[in-house]
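3D, please:
(chains A, B and C)
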Amino acid sequence: MGKPLRWPLGCDPNELTGQTVLGVRRRGKYMLLDLGSGGLLLLHLGMSGSIQFGQTLPPPGVHDHVDLNTSQGTLRLHDPRRFGALVFAPSEASAIAQKLLGKLGVEPLGADFNVADFAQGLKSRKAAIKQVLLSGVPVVGVGNIYACEALFWAGIHPTVSAAGLAPKRVAKLHTAIRDVLTRALGHGGSTLRNFSNAQGQNGHFQLQTMVYGRAAEPCRNCGTAIASIRQGQRSTFFCPHCQKP
DNA sequence: CACGGATCCTGATGGC
DNA sequence: TGCCATCAGGATCCGT
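Below is the predicted model:
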């Protein structure tokens, strides 16, 4: 099928034949399929990827790159931009698995994401808090939309240094990250254009963002025009009045 | 170790 | 209508 993704699979596809998928986990934005051999498949959707699962799927299109056929149905990986990846790792301890997963921060909705460790993790980061949130360390899972939204709810200006945040503000940000992600999950996730879940349904969190994608529109809290800047080649949206340096 | 910039790729969009 | 520039949900790599 389609063109290669971000990285090669890392094994002969025939080696996957007959393997059992014991279960599916997630780490950061990687999906992990545990195989009976002890190996695992790491699946990442990048920016434009999506998966589809079904008994009978339509013939693959140009951007359908992988069909993983199982006794339960076919898992299809669709990714126009090909920033995504499907990588085989012989074990979780293998070099490739460690390279991709080894340095990831804690899960934002897990018990390990506590204020004390979060504050400690930010202390060594002089960079802008927005960029630190995107970096996957000390916490994973916070993408561009949620970084912008969480900073709004915490009242924190995106350009301030992570290391310089007062403890009280770190605590507020910690709460905001969990709240924003929890709410977004409740709404089925975000979408700009063509995000969809494995059943083809769209998320609709974008319809209620406070700042993301709202440049020049009035802040839903104070009416001030939402500002848009670029940080590390990414767009940042914030309210100049509600978010303090 | 940490930072900032470049980079991978295609599609949608808007200006001329 | 066509052409071109810009921008997009991510994260790695490399030079400093």
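
the strands in chain A, which residues?
Using DSSP state E, the strands of chain A run over A:21-27, A:30-35, A:40-44, A:50-54, A:64-70, A:73-78, A:85-89, A:227-231, A:234-238.

List the buried residues for the first one?
Buried positions in strand A:21-27, judged by neighbour count with 16 or more other CB atoms under 10 Å: A:21, A:27. C-beta: built from backbone N, CA, C; applies to glycine.

which other residues reach it?
A:31-36, A:70, A:101, A:104, A:107, A:140 (CB atoms under 8 Å, 6 or more residues apart in numbering).

ok, 7 Å please
Applying CB atoms under 7 Å, 6 or more residues apart in numbering, the contact partners of strand A:21-27 are A:31-36, A:70, A:101, A:104.

Over to the last one?
The list of residues contacting strand A:234-238 from outside it, by CB under 7 Å, 6+ apart, reads A:130, A:134, A:144, A:148, A:151-152, A:157-158, A:211-215, A:226-230.

which bits of chain A sit near DNA strand B?
Residues of chain A lying near DNA strand B by CB under 7 Å from any atom of the strand: A:3, A:6, A:48, A:62-63, A:80-83, A:124-128, A:131-132, A:135, A:162-163, A:193, A:232-233.

Can I get the buried part of these as one PyMOL selection?
This is how PyMOL selects the buried members of these, with burial counted by 16+ other CB under 10 Å:
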select buried, chain A and resi 48+63+80+82+125+127+128+131+132+135+162
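
what's the longest helix in chain A?
For chain A, the longest helix by residue count, based on DSSP state H, is helix A:167-186.

Rebuild the strands of chain A as CSV, extending it with mean pLDDT.
Putting the strands of chain A into CSV (pLDDT from 0 to 100) gives the following:
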stretch, mean pLDDT
strand A:21-27, 96
strand A:30-35, 97
strand A:40-44, 97
strand A:50-54, 93
strand A:64-70, 95
strand A:73-78, 95
strand A:85-89, 97
strand A:227-231, 95
strand A:234-238, 96
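
closest to DNA strand C out of the ones you listed?
Checking the strands of chain A against DNA strand C by CB to the nearest atom of the strand gives strand A:234-238 as the closest, at 2.9 Å.

Next, the angle strand A:227-231 makes with that closest one.
Here the directions of strand A:234-238 and strand A:227-231 differ by 150 degrees (axes from the mean of the first three to the mean of the last three CA atoms, to 10 degrees).

ok, strand A:234-238: who's next to it in the sheet?
Taking DSSP bridges as the criterion, strand A:234-238 sits next to strand A:227-231 (antiparallel) in its sheet.

now what about the partner strand, what contacts it?
With contacts defined as CB under 7 Å, 6+ apart, strand A:227-231 is touched by A:128, A:130-131, A:158, A:215, A:235-238, A:240.

ok, now how distant is residue A:42 from residue A:27?
As for residue A:42, its distance to residue A:27 is 9 Å (criterion: CB to CB, to the nearest Å).

Please apply the same query to residue A:4.
Computed as CB to CB, the residue A:4 to residue A:27 distance reads 23 Å.

Near residue A:136, how many other residues are there?
Counted with other CB atoms under 10 Å, the neighbours of residue A:136 add up to 15.

For it, give me its contacts.
Counted by CB under 7 Å, 6+ apart, residue A:136 has contacts A:28, A:104-105.

Of those residues, just say which sits nearest to DNA strand B.
Closest approach between the contacts of residue A:136 and DNA strand B, by CB to the nearest atom of the strand: residue A:105, at 11.0 Å.

Now for that closest one, how many residues are close by?
Other residues near residue A:105 number 20, with proximity taken as other CB under 10 Å.

what's the answer for residue A:237, then?
24.

and if you look at residue A:166?
Residues lying near residue A:166 (other CB under 10 Å) number 9.

All good on my end, thank you.
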